[in-house]
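Visitor: this one's sequence-less:
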């Protein structure tokens, strides 16, 4: 790693002041599992690294109808949290699929969204849960819907002086079921060849009231498959509906060829796994509480 | 440079470290605790696993300054004097290692598992240990060793 100056603010205000001063030449570090690898490969060479570990008291998970998750909550704490398992089992499942126990113990949810690697597991889950990302700076605070947060490969709407402080999940719709499918032809700790997060809410008649479908590893950003969602709304939740809607994902994705498969293979696997994720979500929605 | 104050295997340590020093460099080069091995260097293989405040971390991805104020356990701190830890005894009794490069990381990861979950099922052992790669044993002996240690512990 190239040399840098490590700064450790003891309060959020101090952290925001440091970001305002050093912004473009600074990187925030929480667990470090993303940033340290980029620094070791010299893909990023910040002059200042701002450590957030003294802000750990801000690592909590609060129930407020939905969930308010501090950016510093580790993926392991979310995977194990009774509140997350109860009100957002999709997020607990996605966290449980991330890499290894070491990465889950170190990595934070705020770090995962700010890192913006499109192969990661948690961003599609956040999009499917209608999450909002809270960004703070010395100038103020704003909330960004998860499906508008990611702008490119490792790029987000965050300005150099902003940091992610919280991830907000609204109350999930009544009668919903969810599923997270991570297609992994190689090893369990690998990135997905394609991952799908789905949420389906059924109305009293059993028809689809509302659906969310988001994918990881399928484009330069985690993507929401709005055309699939639109094709499902109001329809009977049967096999034909899911089979007809799934291929509409192809308009939303643009996978790259790598050692996990060719682009054509990943497109086929995206269709298959969207259909399967929807079927799982529907089955869960039908299960009596 | 920054001053870090921590315990390593129960012993208080105060050292000056460069801001960009990695925990594994600090352990191996500054403290000469060479039981911790580096293999992949990108947090995948698990060879460099140590415990930081009881949690398994990849010391190749952790900054040394992040151990400031904490407690680090390496393979050198697992036995009590000449008395091996039940996991070390089990790895010996069940052939849980061959070349040995991955073994310090395997033992530390397994120690964290048994502290969090003293009686894991085979599936729980496999899920937890999935991130510690071994190119010799084929894993069966490692899983057997941990299951045996859990029964004994």
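Guide: Cool, got the structure. Because the structure is predicted, anything quoted here is derived from the model rather than measured.

Visitor: CA only for contacts and neighbour counts going forward, please
Guide: Noted.

Visitor: check contacts around the spatially most central residue of chain B.
Guide: Per Cα atoms, centre = their mean, the C-alpha nearest to the average position across chain B is that of residue B:108, at 3.0 Å. Listed by Cα atoms under 8 Å, 6 or more residues apart in numbering or on different chains, the contact set of residue B:108 reads B:49, B:50, B:51, B:56, B:74, B:75.

Visitor: got a list of what residue B:59 touches?
Guide: Residue B:59 neighbours (Cα under 8 Å, 6+ apart): B:22, B:23, B:24, B:48, B:49, B:50.

Visitor: next step: those residues restricted to strands.
Guide: When DSSP state E defines the strands, the subset of the contacts of residue B:59 inside them is B:49, B:50.

Visitor: before we move on, the earlier item: quick one: name whatever helix or strand follows the helix or strand that contains the residue nearest to the centre of chain B.
Guide: Assessed by DSSP states H and E, residue B:108 sits inside helix B:103-116. On the C-terminal side of helix B:103-116, the closest following helix or strand by DSSP H and E is helix B:122-129.

Visitor: check which residues of the helix holding residue B:108 are buried.
Guide: B:103, B:104, B:105, B:106, B:107, B:108, B:109, B:110, B:111, B:112, B:113, B:114 (16 or more other Cα atoms under 10 Å in any protein chain shown).

Visitor: repeat for stretch A:22-32
Guide: Within stretch A:22-32, judged by 16+ other Cα under 10 Å, the buried ones are A:22, A:23, A:26, A:27, A:28, A:29, A:30, A:31, A:32.

Visitor: what about it, near chain B?
Guide: Yes - Stretch A:22-32 lies within reach of chain B by Cα under 8 Å from any Cα of the partner chain, at A:31, A:32.

Visitor: before we move on, what about stretch A:65-79?
Guide: No - if you take Cα under 8 Å from any Cα as the test, stretch A:65-79 misses chain B, and the best it gets is 10.6 Å.

Visitor: give the rounded mean pLDDT of that stretch.
Guide: Stretch A:65-79 carries an average pLDDT of 96.

Visitor: how far does that stretch stretch from start to finish?
Guide: 19 Å (Cα to Cα, to the nearest Å).

Visitor: contacting residues around that stretch?
Guide: By Cα under 8 Å, 6+ apart, stretch A:65-79 touches A:30, A:56, A:58-62, A:84-85, A:87, A:91-93, A:95-96, A:101, A:104-111, A:164-172.

Visitor: element containing the residue most central in space within chain A?
Guide: Nearest to the geometric centre of chain A sits residue A:123, at 1.4 Å (Cα atoms, centre = their mean). In this assignment (DSSP H and E), residue A:123 forms part of helix A:122-128.

Visitor: quick check: next helix or strand after that helix?
Guide: Helix A:122-128 is succeeded, C-terminally, by strand A:132-137 (DSSP H and E).

Visitor: kindly calculate the angle that the following helix or strand past that following strand makes with strand A:132-137.
Guide: Using DSSP H and E, the next helix or strand after strand A:132-137 towards the C-terminus is strand A:140-145. On the basis of axes from the mean of the first three to the mean of the last three Cα atoms, to 10 degrees, strand A:140-145 is oriented at 160 degrees to strand A:132-137.

Visitor: contacts for stretch B:39-54?
Guide: A:33, A:37, A:100, A:102-103, A:189, B:24, B:36-38, B:56-61, B:67, B:70-75, B:101-106, B:108-109, B:112, B:131-133.

Visitor: show me which of these are buried.
Guide: For the contacts of stretch B:39-54, buried by 16+ other Cα under 10 Å: A:33, A:37, A:100, A:102-103, A:189, B:24, B:36-38, B:56-61, B:67, B:71-75, B:101-106, B:108-109, B:112, B:131-133.

Visitor: thinking again about what came up before, tell me how far the residue nearest to the centre of chain B lies from residue B:145.
Guide: 13 Å.

Visitor: which helices and strands sit right next to the helix holding residue A:123?
Guide: On a contact count with 3 or more Cα pairs under 8 Å, 6 or more residues apart in numbering or on different chains; DSSP states H and E, helix A:122-128 meets helix A:89-96, helix A:109-115, strand A:194-202, strand A:208-216, strand A:223-224.

Visitor: mind putting the ones you listed into TSV with mean neighbour count, mean pLDDT and distance to chain B?
Guide: What follows is the helices and strands packed on helix A:122-128, written out as TSV (neighbours: other Cα atoms under 10 Å in any protein chain shown; pLDDT from 0 to 100; distance: least, Cα to the nearest Cα, whole Å):
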stretch	mean neighbour count	mean pLDDT	distance to chain B
helix A:89-96	24	97	10
helix A:109-115	23	97	14
strand A:194-202	30	98	19
strand A:208-216	26	98	20
strand A:223-224	26	98	26
